[in-house]
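J.: sequence first, then the predicted structure:
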Amino acid sequence: MEKKVYEKKSEKVIDFLIGFFGIPLGLSLAAGIINATGRYIRLEYNFIAIVNVVVFLMGLGYSIYVARKRKFIGRGLLFVFVVVPLVLLGTCLLNMGGGRILGQLFKR
């Protein structure tokens, strides 16, 4: 797979959306299928968890490989796995009383 040379802005947006929505959605669907199949054939939950972790790591490795070749997919992955969780964490901390801490920092 060769490095992608972007000629239009729409190609960049499409690749970003693939990284942001497509890959996490694909990994979630794979995990759901594994869980449903494992419960249907009555496998041990430990085995299902191990298979889920292996599939997730393989998917993440493939995602990193693709992201190195198409940088806007990589940016979408970075955004969905790093920026969004940090924003959610900050929001939760502020809702659980972090406003008092920030209020002390900016006290007159």
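T.: Structure received. Numbering: from 1, shown residues only.
J.: count the neighbours of residue 15 for me.
T.: 22 (other CB atoms under 10 Å). To be clear about C-beta, it is placed using only N, CA and C from the backbone, and glycine gets the same treatment.
J.: distance-wise, check it relative to residue 4.
T.: With distances taken as CB to CB, to the nearest Å, residue 15 is found 7 Å from residue 4.
J.: nearest residue to residue 3 in space, please, no chain neighbours.
T.: residue 69 (5.4 Å; CB to CB, 6 or more residues apart in numbering).
J.: ignore the last one, residue 70
T.: Per CB to CB, 6+ apart, closest to residue 70 is residue 4, 4.4 Å.
J.: assign a three-state SS to that neighbour, would you?
T.: With DSSP: H, G, I helix; E, B strand; the rest coil as the basis, residue 4 sits in coil.
J.: thought it was touching residue 12?
T.: No. Look at residue 4 against residue 12 with CB atoms under 8 Å: they stay out of range, at 9.5 Å.
J.: overlap in contacts of the two?
T.: Common contacts of residue 4 and residue 12 (CB atoms under 8 Å, 6 or more residues apart in numbering): none found.
J.: now for the strand or helix carrying residue 34, which elements pack on it?
T.: Using DSSP states H and E, residue 34 sits in helix 23-40. Using 3 or more CB pairs under 8 Å, 6 or more residues apart in numbering; DSSP states H and E, the elements in contact with helix 23-40 are helix 45-69, helix 71-78.
J.: residue contacts, the residue nearest to residue 3?
T.: For residue 69, counting by CB under 8 Å, 6+ apart, the contacting residues are 1, 2, 3, 4.
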